[in-house]
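*Asks:* Next come a sequence and a model predicted from it.
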Amino acid sequence: MKIDVSHAKKIIQRYRKKKGILIPLLQDIQAIYGYVPEETVGLISKELSIYPVDIYGVTTFYTQFHLMPQGKHTIKVCQGTACHVMGGKGILNCISDKLGIKDGETTEDGRFSLERVACLGCCGMAPVVVVDEDFHGNCNFQKIDYLLNQYKSKKEES
Amino acid sequence: MKKLSNPKELEKLRKTIQNRRDPNKPVVTICGGTGCQASGCEHIIETFKKEIIKQSLQEKIDVRITGCHGFCEKGPLVVIYPSKIFYPMVKSKDVSRIISETVVNNKVIEELLYVDPSSGERITYEDDIPFYKKQTRTIFGSNGKIDPKNIEDYIAISGYSALEKVLPSMKPQDVIDEVKKSGLRGRGGGGFRTGQKWESCSKAKGKQKYIICNADEGDPGAYMDRSILEGNSHSVIEGMILGAFAIDSNHGYIYVRAEYPLAVKHFSIALNQARKLGLLGKNILNSGFDFDIKIYQGGGAFVCGESSALIQSIEGNVGEPRAKHIHATERGLWDCPTVINNVETWANIPLIINKGAKWYASIGTEKSKGTKIFSLVGKINNTGLVEVPMGMTIKEIVFDIGGGIPNDKEFKAIQTGGPSGGCIPRSLMDMPIDFDELKRAGSMMGSGGMIVMDEDTCMVDVARYFMEFNLDESCGKCSSCREGNARMLEILEDICVGKGNENSIPLLEELSEYIKETSLCGLGKTAPNPVLTTLKYFKDEYLSHIQKKECPAKVCKPLIFYEINSEDCTGCGMCAKKCPVNAITGEKKKPHTIDKDICTKCGTCIATCKFNAIQVKTGEKK
């Protein structure tokens, strides 16, 4: 799939001749495309004279960046200490089984991406799952069923 | 809003705001923190607004969306002012009654009040609830009173009065001295003395100096910084301006985790409001002092909470720590002298200036002054954020404030200090909590996470969990941390699946020593702590796993099995229907059985069974 790099070009212009820009620049690129496409890495390298190895270094070091397109909905399962003690691992396994993907993967139909995160800072309502921007606290197996169905039907509506 | 040109105008503005506000006008305050949002507060807010219009009371009642109150478990929280009547877990169907009865007629609705689980008593006011009663909420208390998106609310409760005091009458060194005298120690983890840090940065040579607020709150289980930023960004901004004045810096950064979108939003709003009033920017309140703050969003790497890695990250690089023989106070960001303090530390500064170092130093223990916010979470009745004076005992926090352990389970341990900390056992329950006592027990303060564990928590599994975390988050620079943590995790995984042997524990201890000795940054040096403390206090659990192949807490899956108690099973068949691998069989209305060879121990049957007939056992299968 070819991507339209004109947006990336505009973003890169904004960062020209500034220092310490690589992370915010990549954040902006990801905000447009949903991931950091390979084509934009080449572009940044050429336009701003940064070695591709440094760009890949940053994108692979920080968990926020993705090098592949993500699913329509991103499910983040908190694996913080409070969530772990309250059964967060079981929740992750349960979602993983139901979607048939491991964390870091996307379902074949492109509907869901599954991620594990270190701590979402909602420890008072552990275990916590975040779908896109919505926080869901005190999760259990039944709630997961309900949640997944809800987002599946959301997709069908649109 | 007009730009303020001197401290007197700020004082005048405060008076105007205070006079404009009628203290008797009813205000409905609704907590809008992330915790309450997860409980659906947005819907409650909308319902209140609609209902007020429906009852034509727009002129008579104010609605205020506040920051986090700390009692996240009971959200959405609503407090009615001026009566201070408190309703937890508010539902939209109750809103109309709350307005017509409580707000308009000051009548308490008994059935909506908070019920104390230990006494069964209904409690009307927020301050009387045991969870809040023993707290000293000097920093966190304002969260429930102000709308974080409205600078006037902060100014009305004496916000920016420390700045008003400092700019015309104090010299930078006076501010440093005051902070030094207060005995404030950094709230981010290490507990370094803030005043000394400032002093050495102030003495360091450099044309440009930087102030950084570390809001990369990564310790799993701690979220007080998020709540301060979401609920009272201005207190952090004011602290940073004071710090910048003290060390003569004109540029500040706040490094916020990408996982905290609401905190970023509220902080940017606060920055813009402060700029408009002339509290940030050029020539602040006509003092000749310039200072402004930029927001920098982290990319999601735990190690970036470490100061030198954080600086690397702001400079646009991979966040790898560097050796600490050069202090950031001398050569930090862009090689310039830099002061980095965490969110809670900055929020303490205005308080110290306003109330004085002497007052501040009167709170706490000999070497740890002031209050500390802890996130009390895990297996505890009242989960949430608690602010207590340093030196309170674990017992008081867990039982008096936290209300003890749910479901009559036994309190086993408390984990502090995140992945660098350790597990403190029940036997040390009377230990007062401060920086030094925690260190002596083998743990540390960290940023203030307190995860309570009960008899159902396996300590070997907890150690394994932290090792997994440390391995995931190791930046990979030092081989001892990168490889050592991996080997330690392998050993712990072996123990958890019943493959441990007599060499496992000595090997863990040996590796721990190497990793501590030879890692560069604080994270590597402390990575073995969770293993070492669990070995110190819970060795018998390790031995059960290794020698008897049993998991006493019944957590480690390969060492447990499920059984149906034939006396309790009614044969309803629900578990058999729900079992994803069809391991459960039996005739209708007769006790069912689980085929242990097929069973994956996923827990679905336990969640399904209404008669608690499914038992988890450890040891040899019969």
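*Replies:* That came in fine, so what should we check first?
*Asks:* Determine the number of other residues adjacent to residue 4.
*Replies:* This is for chain A. 11 (other Cβ atoms under 10 Å in any protein chain shown). C-beta here means a position set from N, CA and C on the backbone, and glycine is covered the same way.
*Asks:* actually chain B
*Replies:* A count of neighbours around residue B:4, defined by other Cβ under 10 Å, yields 21.
*Asks:* Residue B:55 too?
*Replies:* Neighbours of residue B:55 (other Cβ under 10 Å): 15.
*Asks:* And residue B:192, by the same measure?
*Replies:* Residue B:192, neighbours per other Cβ under 10 Å, totals 14.
*Asks:* Helices along chain A, start to end?
*Replies:* Listed in chain order, the helices found in chain A under DSSP state H are A:6-15, A:22-33, A:38-48, A:52-61, A:81-85, A:88-99, A:141-157.
*Asks:* Return the distance of the residue lying farthest from the centre of chain A relative to residue B:210.
*Replies:* Distance to the chain centre peaks in chain A at residue A:17, reaching 29.0 Å (criterion: Cα atoms, centre = their mean). Separation of residue A:17 from residue B:210 (Cβ to Cβ, to the nearest Å) stands at 21 Å.
*Asks:* cool, and residue B:356?
*Replies:* Per Cβ to Cβ, residue B:356 is found 28 Å from residue B:210.
*Asks:* what does residue A:64 give?
*Replies:* Between residue A:64 and residue B:210 the computed distance is 24 Å (Cβ to Cβ).
*Asks:* try residue B:10
*Replies:* Distance of residue B:10 to residue B:210, given as Cβ to Cβ: 26 Å.
*Asks:* can you check residue A:103 too?
*Replies:* Going from residue A:103 to residue B:210 by Cβ to Cβ gives 37 Å.
*Asks:* who has more neighbours, these two?
*Replies:* The neighbour comparison of residue A:103 against residue B:210 (other Cβ under 10 Å) goes to residue B:210, with 24 against 17.
*Asks:* Could you verify my assumption that that one touches residue B:335?
*Replies:* No - counting by Cβ atoms under 8 Å, residue B:210 does not reach residue B:335; the two are 10.4 Å apart.
*Asks:* Number of residues surrounding the nearest residue to residue B:595 once chain neighbours are set aside?
*Replies:* Of all residues not flanking residue B:595 in the chain, residue B:583 sits nearest, at 4.8 Å (Cβ to Cβ, 6 or more residues apart in numbering or on different chains). Residues near residue B:583, counting by other Cβ under 10 Å, number 20.
*Asks:* Who are the contact partners of residue B:583?
*Replies:* Counting by Cβ atoms under 8 Å, 6 or more residues apart in numbering or on different chains, residue B:583 makes contact with B:594-596, B:598-600.
*Asks:* filter these to the buried ones?
*Replies:* With neighbours counted using 16 or more other Cβ atoms under 10 Å in any protein chain shown, the contacts of residue B:583 contain these buried positions: B:594, B:599.
*Asks:* min pLDDT across the contacts of residue B:583, which one?
*Replies:* Within the contacts of residue B:583, pLDDT reaches its minimum at residue B:600, with 88.
*Asks:* give me phi/psi at it?
*Replies:* In terms of degrees, to the nearest 10, the main-chain angles of residue B:600 are phi -100, psi 0.
*Asks:* pLDDT wise, what is the residue nearest to it when sequence neighbours are not counted at?
*Replies:* Spatial nearest neighbour of residue B:600, excluding adjacent residues (Cβ to Cβ, 6+ apart): residue B:581 at 5.5 Å. You'll see residue B:581 listed with a pLDDT of 90.
*Asks:* what's the burial count for residue B:581?
*Replies:* For residue B:581, the neighbour count with other Cβ under 10 Å is 11.
*Asks:* now it: how far from chain A?
*Replies:* 10 Å (Cβ to the nearest Cβ, to the nearest Å).
*Asks:* That residue and residue B:598 touch, don't they?
*Replies:* Yes - judged on Cβ under 8 Å, residue B:581 makes contact with residue B:598 at a distance of 5.5 Å.
*Asks:* Mind listing the shared neighbours of these two?
*Replies:* Residues within reach of residue B:581 and of residue B:598 at once, by Cβ under 8 Å, 6+ apart: there are none.
*Asks:* any idea how the chain splits into domains?
*Replies:* Defaulting to chain A. Split into domains by automatic domain parsing, chain A comes to A:6-61, A:73-153.
*Asks:* if you could check chain B rather than the one you did, that'd help
*Replies:* Using automatic domain parsing, the domain parsing of chain B gives B:25-81+B:85-124, B:151-361, B:371-454, B:459-548, B:557-618.
*Asks:* Need those in a markdown table (columns: distance to residue B:139).
*Replies:* Formatted as a markdown table, those follow (distance: least, Cβ to Cβ, whole Å):
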| stretch | distance to residue B:139 |
| --- | --- |
| domain B:25-81+B:85-124 | 11 |
| domain B:151-361 | 5 |
| domain B:371-454 | 6 |
| domain B:459-548 | 25 |
| domain B:557-618 | 40 |
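*Asks:* who are the neighbours in contact with the residue nearest to residue B:600?
*Replies:* Going by Cβ under 8 Å, 6+ apart, residue B:581 touches B:598-600, B:602.
*Asks:* mind listing which of those residues are in helices?
*Replies:* In helices, judged by DSSP H, none of the contacts of residue B:581 are found.
*Asks:* Go through chain B and flag its longest strand.
*Replies:* Longest strand of chain B, by residue count under DSSP state E: strand B:371-378.
*Asks:* Next one: the residue lying closest to residue B:501 once chain neighbours are set aside relative to chain A, how far apart?
*Replies:* Nearest residue to residue B:501 in three dimensions, chain neighbours excluded: residue B:546, at 6.7 Å (Cβ to Cβ, 6+ apart). Distance of residue B:546 to chain A, given as Cβ to the nearest Cβ: 22 Å.
*Asks:* again, but for residue B:544
*Replies:* 19 Å.
*Asks:* what do you get for residue B:92?
*Replies:* For residue B:92, the distance to chain A equals 18 Å [Cβ to the nearest Cβ].
*Asks:* Repeat that for residue B:423.
*Replies:* Using Cβ to the nearest Cβ, one gets 10 Å for the distance from residue B:423 to chain A.
*Asks:* Run through the bridge partners of that residue.
*Replies:* Counting by DSSP bridges, residue B:423 is bridged to residue B:415.
*Asks:* Helix or strand: which one has the closest residue to chain A within the stretch 401-550 of chain B?
*Replies:* Residue nearest to chain A within the stretch 401-550 of chain B: residue B:451 (4.7 Å; Cβ to the nearest Cβ). Taking DSSP states H and E as the definition, residue B:451 sits inside strand B:449-454.
*Asks:* Fine by me, thanks again.
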